[in-house]
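**Student:** no sequence for this one, just the structure:
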């Protein structure tokens, strides 16, 4: 970490965690190898947020976030101020807790659970948890957090269905390639990968498993 950092004017001055993130190292590593500079950065950051004008601005933004018509996450206020959520918690824990509770109260747990159960009970292919969350208007992380067991069941079924679909697609593609190669061979045209791709109007042979099949069929045809 460059010692010049603590001597320059930055508004707002970053926390040690933010500095570590920017230079691409864990904060524990930065503390271990640059203990003195780490202490200076932490002190400088605290000094910035301890200023009366910054605490006033912080409180005003939190109150505005709480009064917003649409519930907003605490992260939105932190990003607007350019600080960590932990910094907001440190100075205004009650306001932060109210914002968090209001934001999470907007989620309709019953609606989410009902939709997840419907998907599991359906005989149709299931969408991924990420797609379900998007359809419901929530983040994947939140849906997983609220209903981990249902999400695990959906994910397991989704992976199994994707694996089955891939296997079926593989069989279908292999049949297309074989038919194309035999057809070209019967026309006395060497079934090169370029000719097969042109015949199929597709680039199936770019996939490793299909290319291996192409070589096997070449041998079967006597090339």
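**Tutor:** Received the coordinates, thanks. Only a predicted model underlies this, so the values are computations on that prediction, with no experimental measurement involved.
**Student:** the longest helix in this protein is where?
**Tutor:** Longest helix of the chain, by residue count under DSSP state H: helix 148-186.
**Student:** Buried by neighbour count: which residues of it qualify?
**Tutor:** 150-151, 153-154, 158, 173-174, 176-178, 180-181, 184-185 (16 or more other Cβ atoms under 10 Å). Glycine gets a C-beta too; all of them are placed from N, C-alpha and C.
**Student:** Counting by contacts, list what that helix packs against.
**Tutor:** helix 109-121, helix 129-136, helix 193-200, helix 208-220 (3 or more Cβ pairs under 8 Å, 6 or more residues apart in numbering; DSSP states H and E).
**Student:** Would you convert those helices into JSON lines that also reports mean neighbour count, distance to residue 33 and mean pLDDT?
**Tutor:** Converted to JSON lines, these look like this (neighbours: other Cβ atoms under 10 Å; distance: least, Cβ to Cβ, whole Å; pLDDT from 0 to 100):
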{"stretch": "helix 109-121", "mean neighbour count": "14", "distance to residue 33": "45", "mean pLDDT": "89"}
{"stretch": "helix 129-136", "mean neighbour count": "16", "distance to residue 33": "38", "mean pLDDT": "89"}
{"stretch": "helix 193-200", "mean neighbour count": "16", "distance to residue 33": "53", "mean pLDDT": "87"}
{"stretch": "helix 208-220", "mean neighbour count": "14", "distance to residue 33": "44", "mean pLDDT": "87"}
